[in-house]
Every structure is written in structure tokens, then in C-alpha cells.
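In: Let's see this in three dimensions:
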Amino acid sequence: MNKTLMIGMSAVAAGALLASGNPATAQGPEPKHTFTRFLPSDFAGDDQVTLTKALGPDDVWMFVTVYEDRVPRVLGRHWDGTKWNEVVLPEGVGFVNGIAGGAADLWMVGVGSENTTTSDNLVLHFDGRTWEIVKRIPRFDHAPDGLAVLRDGSVRFFVATNKVTTVWRYDRGTWTSTTAAKRRIAASTLPNGTIWAVTRPGIRPGHFDGRTWTTVKAPSRALLGCTKTDPCDGVDAEDLVALSPDTVVMSVSVRRKNGGQRFSVVRWNGKKWSVLYRTGADSVASLTPDGKGGFWAVRDKPHTDVAQHYTKAGKLVSYGFDLPRKWLSYDLTVGPGGGVIAYGSNFRKAMAWKLAK
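Out: So this is what the prediction gives:
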């Protein structure tokens with residue numbers, strides 16, 4: 001299938017998105033239709049939005065994966081405040097799942113398009129003019145995760161296999177790596193370079209200081225609501241985000257022996273775990289810092305999904321998406337001014353939304 005590229009002209013302005021500030025002062029019932037659609041007109045059909053990045057009101061990047069004769073290829077667009085412009089990527093990029101950095105020093109990680117199970121992991125860099133592949137890493141299990149660009153311009157991310165986790169670092173032109181036993185998922189990297197992630201199997205988070213991994217205790221089953229009369233059959237970490245060196249938030253699913261699952265969002269303050277809120281049978285994922293000590297997340301409800309903002313002050317506010325049907329994948333990006341873009345796909349059509357004022 002040959003895909004004709006048409007540069008979309010959107011009528012919505014990203015300026016309103018990123019100038020909207022912190023919406024968590026909303027009161028009363030769950031707001032309705034507070035997200036409006038925000039998508040290039042040529043992103044449709046079988047496209048799947050896999051990544052967005054908001055660097056400012058007039059600087060938004062968006063990438064989708066399309067399939068041409070069953071071969072994946074990434075298409076990119078850049079919002080300049082007025083229109084969407086085509087982004088030219090190197091040949092052979094099949095999927096991207098992490099982006100970080102600034103306008104003239106932007107980094108991205110993903111997977112090649114040669115074969116979705118054996119392709120190399122890729123590291124790409126944008127110098128303000130062009131994207132290029134700067135590093136290839138043999139792919140053993142998972143795509144790169146936890147990408148971050150630190151204050152000194154160095155780069156961090158990790159790649160997990162079923163048995164080990166390798167942290168990759170780029171410092172002053174040199175690539176180095178450190179491998180440690182145990183598989184870790186749901187990486188979150190702080191500006192100082194500390195990486196938090198969750199050990200699998202289990203729900204024990206740990207942090208990497210550049211040399212070693214240090215594991216903290218897991219939330220107790222009693223904290224997660226397991227009792228003698230309602231015992232748990234197992235627990236899993238759904239997602240994790242680090243808000244500071246000592247503050248980590250994790251969403252956890254609990255399988256009940258009596259049937260079904262229940263979900264909780266918990267916080268580690270450097271000394272102990274506490275429950276921030278419980279969501280019953282609704283899963284919570286896409287944990288994303290708001291830049292102000294709180295975080296955003298997506299709650300998967302039976303008939304729709306909602307974005308939820310948990311503020312530093314402890315207030316939880318929900319915002320519904322304007323969805324034609326239940327969607328199956330989603331994620332969030334938060335801009336420097338506090339504006340939010342939610343994006344995803346139901347594997348039939350790509351979609352993205354911006355938070356209205």
C-alpha cells in the first residue's frame with residue numbers, strides 16, 4: 001500500500017493548549033468534553049500515534065506508525081503554531097517510543113523497520129535542521145525506555161531483556177553502557193540522571209545512580225487492600241513516575257482470588273508507601289509529571305477514558321475525552337506551560353486531543 005502524504009492544515013491552535021496552565025482548580029463533577037481533537041488531517045486510516053512532544057506553544061512534534069506492504073514506517077509532523085509541517089526522518093525507522101531534549105538538540109529512541117521482532121534499537125538526533133540515526137543497538141527483547149536529556153546535555157535511556165537491564169549513556173561524544181541483572185520496566189528518569197524503574201516479576205521499584213541499582217521495599221499487600229476475607233492472587237506494577245529523587249508514584253493492579261482486579265495509585269516518599277487514591281476495576285497508566293510536583297495519568301473506564309490530574313496539593317481532577325468509541329491505546333505529554341496533549345489509537349484510526357482552557 002502506497003500512502004500519499006498530505007500536509008494537514010489544522011484550525012486549532014496549540015498556543016491555547018500550552019498557555020492554559022494548571023487546570024486542576026476545576027471544581028464539581030467530572031468535566032465533559034474538555035479535550036478537543038488535535039491531529040494533522042492526513043493522519044488517519046491505520047495510523048497509530050506513538051509519540052508526541054510539546055516543547056512550547058508553537059513547537060509540537062507528533063509521530064505515527066503506518067504500515068506499507070506490512071512494513072512499519074514512521075511519519076512525523078511538526079506544529080509551528082499555524083499549521084502542521086512534514087518531518088523528514090531517515091529511512092528504516094519503524095517505531096519510535098521516546099523523545100527528549102530541546103528545539104536544536106532533540107533526541108528520540110525507537111526500533112528499525114526491517115523486522116519488528118529482530119530490528120535494531122535506534123537512537124536518533126535532531127540538530128535543529130535534520131534528523132539522523134546516531135546509534136544502533138542490537139534488539140534482544142524490548143525497545144529503549146526512560147529516555148532523558150540531562151542539564152549538562154548528556155543522554156540516558158535503558159534497554160531491558162527478559163533477564164537483564166542495560167543503561168546507555170552518552171556523555172561528551174562517548175557512548176557507554178552498564179548492565180545489571182533483573183528485568184526492569186516503566187522507566188522514569190530525573191533531571192539529575194537518576195533512573196527509577198520497577199523489577200519484573202514483582203512490584204519492587206529501584207533507582208540507578210549511574211553505577212548501581214538500589215531497590216526499595218514494595219508496597220505491602222495490606223496497603224493494597226488484600227485481606228483474609230478478600231485475599232490477593234497476585235500484584236503487578238502498571239506504570240511508574242519519579243517526581244523527585246525521593247518521591248515515586250506507581251499504579252498497581254491486584255488480582256483477587258475471588259475474581260476480578262482492582263487498581264491503586266501509591267506513592268513512595270523516601271521512607272514509606274501510602275495510597276493516593278483507588279480506582280476500583282479501572283486501570284491507571286501513562287503517569288506523567290506535571291512539572292509542578294504533581295502528575296497526570298489516564299484512567300481506563302468501562303465506556304471511555306479520562307485524563308486525571310493529581311496536584312502537588314493532593315487534589316484529583318478528571319477530564320473526559322470526546323471519544324466516538326472506546327480506544328485501546330493512549331499516552332500523555334505535558335508541555336512546559338502545563339498544557340496537555342493526549343494521543344493514541346484504537347488500531348483503526350489515530351487521534352490526539354489537547355486540553356481546552
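In: drop to CA atoms for contacts and neighbour counts, all remaining ones
Out: Fine.
In: start to end distance for stretch 247-264?
Out: 17 Å (Cα to Cα, to the nearest Å).
In: Tell me where the model's unsure across this protein.
Out: 1-34, 44-48, 114-118, 140-141, 303, 321-330, 345-350, 356-357 (pLDDT under 70).
In: how about 50 then?
Out: Within the chain, the stretches with pLDDT under 50 are 1-29, 33.
In: Would you map the helices across it?
Out: Ranges of helices within the chain are 14-19, based on DSSP state H.
In: How much space separates residue 108 from residue 270?
Out: With Cα to Cα as the criterion, residue 108 and residue 270 are 31 Å apart.
In: who's more crowded, these two?
Out: residue 108 (22 against 12; other Cα atoms under 10 Å).
In: Touching, the more buried one and residue 102? I think so.
Out: No: if you go by Cα atoms under 8 Å, residue 108 and residue 102 don't touch, sitting 11.3 Å apart.
In: overlap in contacts of those two?
Out: Residues touching both residue 108 and residue 102 (Cα atoms under 8 Å, 6 or more residues apart in numbering): none.
In: For the nearest residue to residue 182 once chain neighbours are set aside, give me its contacts.
Out: Of all residues not flanking residue 182 in the chain, residue 164 sits nearest, at 4.6 Å (Cα to Cα, 6 or more residues apart in numbering). Listed by Cα under 8 Å, 6+ apart, the contact set of residue 164 reads 179-184.
In: Of these, grab the buried ones for PyMOL.
Out: This is how PyMOL selects the buried members of the contacts of residue 164, with burial counted by 16 or more other Cα atoms under 10 Å:
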select buried, resi 182+183+184
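In: Now flag whichever of the contacts of residue 164 is closest to residue 212.
Out: Closest approach between those and residue 212, by Cα to Cα: residue 180, at 8.0 Å.
In: Against residue 353, how distant is the closest one?
Out: Applying Cα to Cα to residue 180 and residue 353 gives a distance of 39 Å.
In: go on, residue 119?
Out: For residue 119, the distance to residue 353 - Cα to Cα - is 31 Å.
In: Strands of the stretch 51-200 of the chain, residue ranges please.
Out: Counting by DSSP state E, counting those that start in this stretch, one finds strands in the stretch 51-200 of the chain at the ranges 59-68, 71-79, 84-87, 93-102, 105-112, 121-126, 131-137, 145-149, 155-160, 164-171, 174-181, 183-189, 195-200.
In: Any chance of a markdown table for those strands, columns distance to residue 43?
Out: Formatted as a markdown table, these follow (distance: least, Cα to Cα, whole Å):
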| stretch | distance to residue 43 |
| --- | --- |
| strand 59-68 | 8 |
| strand 71-79 | 9 |
| strand 84-87 | 11 |
| strand 93-102 | 15 |
| strand 105-112 | 20 |
| strand 121-126 | 22 |
| strand 131-137 | 21 |
| strand 145-149 | 25 |
| strand 155-160 | 29 |
| strand 164-171 | 33 |
| strand 174-181 | 35 |
| strand 183-189 | 28 |
| strand 195-200 | 33 |
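In: and of those strands, who's closest to residue 220?
Out: strand 195-200 (15.2 Å).
In: By residue count, tell me the biggest strand in the chain.
Out: Across the chain, the strand with the greatest residue count (assigned by DSSP state E) is strand 232-244.
In: which neighbours does that strand have in its sheet, and in what orientation?
Out: strand 247-256 (antiparallel) (DSSP bridges).
In: any residues touching the strand it pairs with, and which ones?
Out: Strand 247-256 has contacts (Cα under 8 Å, 6+ apart) with 203, 224, 230-243, 261-270, 283-285.
In: Going through the residues you listed, which ones are buried?
Out: Neighbour counting with 16+ other Cα under 10 Å marks 203, 224, 231-232, 235-243, 261-268, 283-285 as buried within these.
In: didn't residue 319 look like it was pressed against residue 307?
Out: Yes: contact criterion Cα under 8 Å: residue 319 and residue 307 qualify, at 5.2 Å.
In: What is the burial count for the residue nearest to residue 55 when sequence neighbours are not counted?
Out: In this structure, residue 55 finds its nearest non-sequential neighbour in residue 335, 6.1 Å apart by Cα to Cα, 6+ apart. Applying other Cα under 10 Å, we find 21 residues neighbouring residue 335.
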